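Novice: the following block contains a protein sequence and its predicted model.
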Amino acid sequence: MSTHSLYCKQRLRYIKHGLVVAIVTTIFIFYPQFSTADSRIKSIGSAEANVSVWLPTGSVADSVTVTADYVAEKALPNRIKYPTGTVGQTFTFAIWDGYGNSLSQFNPSVVIAASYRDDDIPPSVRSEESTLHLHMYNPATKSWNKLCSSVDIYENVVYAALSSSTPLEENGSNLMAIAIDETPMLEQSLDDQGTTTITFEKSNFRLEVGSNILEKGSHFVVTILPNTSTRSEVKLLSNPIDIKACKADPDIPEQNNREITNFFKPLTVGFDIDSDTTSRAGGRSNLTIANLQKDEWTDMEEVGARVARGSDTITVDTRSLGTFGLGAR
């Protein structure tokens, strides 16, 4: 079977699952666009005029095709709702190889550019345009998670780094939305050893970052997730957190916006605990920190990490960020 016919078979299978059927009525047969190092690829689909992707050197191994299709809220599957303060319509997004496979891991991260119109901004959030981020829906947590984003409010473009995708179905497209950032303001404190501790309101999460671990100009993007059940033996005791480390260059946001996925020294992820939390867990020894891997919560201690249980905090060292939760096993 030829490369383009394989791709069209994959698109047809995805459309049959009901997500794009309401907005795509024609299947186009085409050959994937060839990607080169540091290249900008336009998307194909109903959102093609407004969505493109920058592919840094090494992010993809071969030729790829990028698809993007707008989806009305009433056409979303599983009663998914737009995130608060959504600008315009959500859209599906995927990068496909020449064999019809949806790529899900990118190192270095690719950069999505999604444009919007001033008329798309709801009047109630117009004053918050500078906080716009690109959000990606995660079906495992039933949440819209922010990507490392920057917004050009003069050109009406949001740039977002993508290192790991969360497609709505296996080998399918991702669901994206431009929306405001509702996360409470981060609070930072610095100790005598140069370690920065990051916390924020309405969460018991904490992150400790040693000196000289992050590049100058780096920052964190945090999403507070709903406490939803997944296939896991770990019971979550509070709202989990998705956290990403980001590095953006405001002068060249498309080319130099990236997610930092690994660190040469470990960071310390933790949660504050109290007597009620310990009681609900059935004792301090039952407390643990879970990490979401694909669609399952994994006890970090069971995969070799050392979880430290103090009187008022529980922490674990990690060289990569992601989605974490305070749990009981």
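Specialist: Yep, it's here.

Novice: please parse this structure into its domains.
Specialist: Split into domains by automatic domain parsing, the chain comes to 3-179, 186-328.

Novice: quick one: mean pLDDT for the longest one?
Specialist: Domain 3-179 comes out with an average pLDDT of 84.

Novice: now swap in the last one and tell me
Specialist: The average pLDDT within domain 186-328 is 91.

Novice: any idea how far Ala248 is from Glu129?
Specialist: For Glu129, the distance to Ala248 equals 17 Å [CB to CB, to the nearest Å]. In short, each C-beta sits where N, CA and C put it, glycine included.

Novice: pretty sure Thr195 sits against Leu207.
Specialist: No: under the criterion of CB atoms under 8 Å, Thr195 makes no contact with Leu207, lying 10.4 Å away.

Novice: more crowded one of those two?
Specialist: Comparing Thr195 with Leu207 by other CB atoms under 10 Å, the one with more neighbours is Leu207, at 24 against 14.

Novice: residues contacting that one?
Specialist: The contact partners of Leu207, by CB atoms under 8 Å, 6 or more residues apart in numbering, come to Thr197, Ile198, Thr199, Phe220, Ile243, Leu267, Thr268, Val269, Gly270.

Novice: circling back: out of the domains of the chain, which is the most enclosed?
Specialist: domain 3-179 (a mean of 18; mean count of other CB atoms under 10 Å).

Novice: and Thr67, what does it touch?
Specialist: Counting by CB under 8 Å, 6+ apart, Thr67 touches Arg11, Ser43, Ile44, Gly45, Thr92, Phe93, Ala94, Trp96, Ser173.

Novice: got CSV for those, with distance to Thr278 and secondary structure too?
Specialist: Shown next, in CSV, are the contacts of Thr67 (distance: CB to CB, whole Å; DSSP: H, G, I helix; E, B strand; the rest coil):
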residue, distance to Thr278, secondary structure
Arg11, 51, helix
Ser43, 50, coil
Ile44, 53, strand
Gly45, 51, coil
Thr92, 43, strand
Phe93, 42, strand
Ala94, 44, strand
Trp96, 48, strand
Ser173, 43, coil
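
Novice: what sits against the closest residue to Val87 other than its chain neighbours?
Specialist: Spatial nearest neighbour of Val87, chain neighbours left out: Ile178 (4.4 Å); criterion: CB to CB, 6 or more residues apart in numbering. Applying CB under 8 Å, 6+ apart, we find Ile178 in contact with Thr86, Val87, Gly88, Ala114, Tyr116, Leu132, His133, Leu134, His135, Val158.

Novice: could I get the full set of helices for this structure?
Specialist: Counting by DSSP state H, the chain has these helices, from start to end: 3-16, 275-281.

Novice: quick one: Glu254 and Ile112 touch, right?
Specialist: No: counting by CB under 8 Å, Glu254 does not reach Ile112; the two are 9.4 Å apart.

Novice: mind listing the shared neighbours of the two?
Specialist: By CB under 8 Å, 6+ apart, the residues touching both Glu254 and Ile112 are Tyr159.

Novice: can you map out the strands along the stretch 201-329 of the chain?
Specialist: 205-209, 218-224, 235-236, 241-247, 258-260, 267-272, 287-293, 296-299, 307-309, 313-318, 323-328 (DSSP state E, counting those that start in this stretch).
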